[in-house]
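Visitor: got a structure for you, letters missing:
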């Protein structure tokens, strides 16, 4: 039977945050790379963005949003391996910050669209 002793469970718990951090960094990096490649391809063939938000702004918004979660995960990893009870406070703050990321993305998109519109006028 796997996970019959606390030692086996603690091993699984110790790899949880680092694996989550690696997954977050890899997926964000790959998505960013794909968007930037598409932007380079589009500009190399002469396509000009007609909408108010460019692919560079989309990439910037995505990376900034992912950075908040990544920094919190780094704090969690440090606190977890230091056996600090502060880990649970940061862990409790993780969920509200994820919820706020959606609102922040919408706000940034609106701000970027308004600034692009102001430049066009």
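Guide: The structure has been received and is ready for your questions. Quick caveat, the model's predicted, so the values are computed rather than measured.
Visitor: so residue 20 is in which element?
Guide: Element membership for residue 20 (DSSP states H and E) is helix 6-44.
Visitor: Spit out the contact partners of the nearest residue to residue 80 once chain neighbours are set aside.
Guide: In space, residue 80 comes closest to residue 87 once its chain neighbours are excluded; the distance is 5.3 Å by CB to CB, 6 or more residues apart in numbering. In this view, the C-beta of every residue, glycine as well, is placed from N, C-alpha and C. Residue 87 is in contact with 76, 79-80, counting by CB atoms under 8 Å, 6 or more residues apart in numbering.
Visitor: repeat for residue 31
Guide: residue 62.
Visitor: try the one 5 residues further on
Guide: Contact analysis of residue 36 by CB under 8 Å, 6+ apart lists 55-56, 59.
Visitor: got those as a markdown table, with neighbour count, distance to residue 10 and pLDDT columns?
Guide: A markdown table is the format used below for these (neighbours: other CB atoms under 10 Å; distance: CB to CB, whole Å; pLDDT from 0 to 100):
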| residue | neighbour count | distance to residue 10 | pLDDT |
| --- | --- | --- | --- |
| 55 | 17 | 44 | 79 |
| 56 | 14 | 44 | 80 |
| 59 | 18 | 39 | 84 |
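Visitor: buried sites along the helix holding residue 20?
Guide: 17, 21, 28, 32, 35, 39 (16 or more other CB atoms under 10 Å).
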